[in-house]
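Engineer: model the following, please.
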Amino acid sequence: MLRWPELQESFRIATSSLRVNLLRSILTTAGVVVGVVLVVLMGWTINGLDAVWEQTISIIGKDMMYIDKWNWAGGGNWRKMEARSNITLDQALQLQQRMESAEEIIPLIRKWGGSVSLGNTSIRCSVTGTTAAYGNTAAGTAAAGRFFNDVEEQSADNVVVIGYNVNKNLFPTSSAVGQYIKIAGIPYRVVGVIEKRGFLFMDFVDNEVFIPLHAFRGAYGFVGRSFSVGIKTGSERLLDIVRDEATGHMRSIRNVSPLDESDFSINEMKAFDQQAKNIRVGIWVVGMGLTILAFIVGSIGIMNIMYVSVTERTKEIGVRKAIGARRSSILLQFLIESALLCVTGAVIAFPIAQVLVGSARFLAVSVFELDWISVVSPLIPLDLLGIAVGVSILVGLLAGLLPAIKASALDPVEALRAE
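Structural biologist: Sure thing, here's the model as predicted:
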């Protein structure tokens with residue numbers, strides 16, 4: 001059984017050997033440095049991905065669901081969904097009257113591929129007609145100005161609330177509130193700007209403008225268009241209750257037989273979770289593949305250098321054994337040395353990774369103007385350092401095992417004869 005003084009002595013000998021061959025030790029850890037940098041970058045990327053996704057969900061609304069003709073996540077048979085009858089305004093209003101558990105029932109109708117213009121500048125966006133109640137949802141929160149009110153809605157005033165990207169493109173240096181833009185050739189007064197909602201996955205939601213429902217009828221008409229019904233539950237805990245109630249009422253309103261499947265879809269943000277998971281898995285698979293490759297290369301280098309170390313110190317091993325050193329002591333000494341090599345690589349790699357992360361974030365924000373990356377931390381979490389060091393120690397122990405066994409198995413008499 002190893003004693004503490006024996007462990008201290010093995011550690012001292014291992015660190016002394018590394019100091020004597022400092023340059024060789026640092027060069028040997030190159031593969032480990034690359035592996036640790038990849039581990040850290042992969043962990044930071046996945047953490048950033050999670051932060052971006054959580055931000056997107058929280059801004060669009062975790063307590064929101066939308067009844068629609070289409071399944072937004074792309075599930076189901078496209079042909080069957082296309083054959084569904086449109087959801088009408090009358091059906092949306094009937095659902096609004098019947099629902100009891102929801103906080104808000106909000107009819108929405110969209111013109112995909114619409115456009116808005118300011119002077120000679122015109123940009124493509126979706127135009128959404130809705131009610132003033134949409135302003136009570138997370139997705140309707142205004143960063144500047146306000147959402148249109150009930151009076152403006154009922155009187156079909158030509159007022160508009162514009163999305164973040166629309167504001168950024170049309171009013172890059174001035175305030176949009178109070179200005180006039182044209183939608184379908186009709187002037188609309190901007191009363192508000194929606195805060196940024198889309199991050200990375202759903203940036204398209206910021207290319208949207210909102211006008212009163214009846215103003216939309218005047219601009220585009222309702223004929224041939226299908227409504228969506230936004231349902232604000234008021235709490236994530238009520239999602240199941242509200243979903244069940246909405247499904248039952250909507251099936252009744254649309255006269256769906258009890259034996260038939262629903263001819264509408266209920267869309268929630270969790271429907272997009274699988275897409276985020278797929279991206280996460282892709283990053284993990286690529287990152288782990290590169291990391292394992294780097295660690296294999298690094299471990300081969302460390303194993304070779306440890307064999308060289310055993311050969312160079314054969315006589316020293318013989319002397320230690322001749323004066324009573326046990327095989328376990330020799331084994332431990334070389335395992336500690338191998339592990340320290342890898343830990344050195346981890347210590348070198350972490351500041352390199354931090355510089356890479358900081359530089360990438362700076363370029364994304366300052367040069368490429370990627371707004372979504374602002375929610376990603378510029379600092380690497382310390383738990384990733386712990387993981388990197390732990391993995392490095394494991395790699396070091398595995399890489400140094402065979403050389404350490406060879407050193408511990410040397411015959412002391414033969415070792416003393418070595419030159």
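Engineer: for Gly129, helix, strand, or coil?
Structural biologist: With DSSP: H, G, I helix; E, B strand; the rest coil as the basis, Gly129 sits in strand.
Engineer: what does Asp263 give?
Structural biologist: Here Asp263 is recorded as coil under three-state DSSP.
Engineer: quick one, grab the pLDDT at it.
Structural biologist: On the pLDDT scale, Asp263 is placed at 92.
Engineer: mind checking the SS state of the nearest residue to Trp72 once chain neighbours are set aside?
Structural biologist: Residue nearest to Trp72 in three dimensions, not counting chain neighbours: Asn267, with 4.4 Å by Cβ to Cβ, 6 or more residues apart in numbering. No exception for glycine: its C-beta is placed from N, CA and C like everyone else's. At Asn267 the chain is in strand, as set by three-state DSSP.
Engineer: just Ser377 next, same as before
Structural biologist: With three-state DSSP as the criterion, Ser377 reads coil.
Engineer: can you tell me how far it is from Ala176?
Structural biologist: Noted for Ser377: a distance of 31 Å to Ala176, by Cβ to Cβ, to the nearest Å.
Engineer: which one of the two has more residues nearby?
Structural biologist: Ala176 (21 against 12; other Cβ atoms under 10 Å).
Engineer: checking the more buried one next. Helix, strand or coil?
Structural biologist: Assignment for Ala176 (three-state DSSP): coil.
Engineer: so it is in contact with Val193, correct?
Structural biologist: Yes: taking contacts as Cβ atoms under 8 Å, Ala176 lies within contact range of Val193: 5.5 Å.
Engineer: all the helices of this structure, residue numbers only.
Structural biologist: All helices of the chain, identified by DSSP state H, fall at 4-20, 22-28, 30-60, 78-82, 89-98, 150-154, 164-170, 213-219, 239-253, 273-312, 314-322, 327-362, 382-408, 412-416.
Engineer: the ones you listed into JSON lines, with extra columns for distance to Ser117?
Structural biologist: Formatted as JSON lines, those follow (distance: least, Cβ to Cβ, whole Å):
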{"stretch": "helix 4-20", "distance to Ser117": "69"}
{"stretch": "helix 22-28", "distance to Ser117": "61"}
{"stretch": "helix 30-60", "distance to Ser117": "27"}
{"stretch": "helix 78-82", "distance to Ser117": "31"}
{"stretch": "helix 89-98", "distance to Ser117": "28"}
{"stretch": "helix 150-154", "distance to Ser117": "22"}
{"stretch": "helix 164-170", "distance to Ser117": "8"}
{"stretch": "helix 213-219", "distance to Ser117": "13"}
{"stretch": "helix 239-253", "distance to Ser117": "37"}
{"stretch": "helix 273-312", "distance to Ser117": "33"}
{"stretch": "helix 314-322", "distance to Ser117": "83"}
{"stretch": "helix 327-362", "distance to Ser117": "35"}
{"stretch": "helix 382-408", "distance to Ser117": "48"}
{"stretch": "helix 412-416", "distance to Ser117": "87"}
